[in-house]
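**Q** sequence plus the predicted model coming up.
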Amino acid sequence: MGLGPETRSGSAGPAAFLVYLSGAIEYAPDSGKGWRESIAPFLSDDLGHRVYDPAHDSRKSLTAEEWTHFRSWKTTDFPRFRAAVRKIVDYDLEVVSRSDYLICYWDEHSIRGGGTAAEVTWAYRLKKPVYLVSPLPVPHVSGWVLACCSEHFGSFEDLKVHLRQVYRRL
């Protein structure tokens, strides 16, 4: 399974770290694209890491018919909906498995979905670093998610400082 067309390669070559960008897509007003597009250049250009952005690889392994109809099947044909979404779940968790670390953006939209918490939990079980960024006050962040993260940051700027220290190019 390839990473899809939205994998970006940094200049560090094939041994570069792979980072998975976890956060709301389904309920986010911009389908979760804004924050991912903002952090990706830093990760690829400054750190030389490869970036997997699930918001830009939304078709994943779905057929054209599944991609066109799966959202409407949620209310009209639940078995087909479930089968299509399970393909997405399987695909994303496989990429999480191959990733070196995750960046999770936990906001008011993440709370409504299940994928972000599942990805973070899966990464935790695989002992992968999970860097959580959240604009929410800590008491409003899921305790489960906080327990699964390695580090918690209030801003992407704070995260960048940390990542520069941990992953600075040699």
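**A** Noted; the coordinates are in hand.
**Q** centroid residue for this protein?
**A** Nearest residue to the geometric centre of the chain (C-alpha atoms, centre = their mean): Ser22, 2.0 Å.
**Q** hmm, that one is touching Tyr105, no?
**A** Yes: Ser22 lies in contact with Tyr105 (C-beta atoms under 8 Å); the separation is 7.4 Å. (Glycine included, C-beta is placed from N, CA and C.)
**Q** run through this structure and note the low-pLDDT ranges.
**A** For the chain, applying pLDDT under 70 flags the ranges 1-15, 169-170.
**Q** which elements pack onto the longest helix along the chain?
**A** Counting by DSSP state H, the longest helix found in the chain is helix 78-98. Under the contact criterion of 3 or more C-beta pairs under 8 Å, 6 or more residues apart in numbering; DSSP states H and E, helix 78-98 touches strand 18-23, helix 64-76, helix 115-125.
**Q** just checking, next helix/strand downstream of it?
**A** Using DSSP states H and E, the next helix or strand after helix 78-98 towards the C-terminus is strand 101-105.
**Q** neighbouring strands - and their directions - for that next one?
**A** Strand 101-105 pairs in its sheet with strand 18-23 (parallel), strand 130-133 (parallel), by DSSP bridges.
**Q** now the longest one against helix 115-125, angle please.
**A** For the pair strand 18-23 and helix 115-125, the angle between their directions (axes from the mean of the first three to the mean of the last three C-alpha atoms, to 10 degrees) equals 140 degrees.
**Q** touching strand 18-23 from outside, list them.
**A** 3, 32, 35-36, 39-40, 43, 49-55, 95-96, 98-107, 109-110, 115-116, 119-120, 123, 130 (C-beta atoms under 8 Å, 6 or more residues apart in numbering).
**Q** again, 6 Å this time
**A** With contacts defined as C-beta atoms under 6 Å, 6 or more residues apart in numbering, strand 18-23 is touched by 32, 36, 43, 49-53, 95-96, 99-105, 110, 116, 119.
**Q** please save the CA atoms from it in CSV.
**A** Coordinates of each C-alpha in strand 18-23 appear next as CSV, following Å, rounded to 0.1, in the frame of the first residue of the first chain:
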residue,chain,number,x,y,z
LEU,A,18,7.1,9.9,8.4
VAL,A,19,4.6,12.1,10.3
TYR,A,20,0.8,11.5,10.3
LEU,A,21,-1.4,14.5,10.8
SER,A,22,-4.4,13.5,13.0
GLY,A,23,-7.4,15.7,13.6
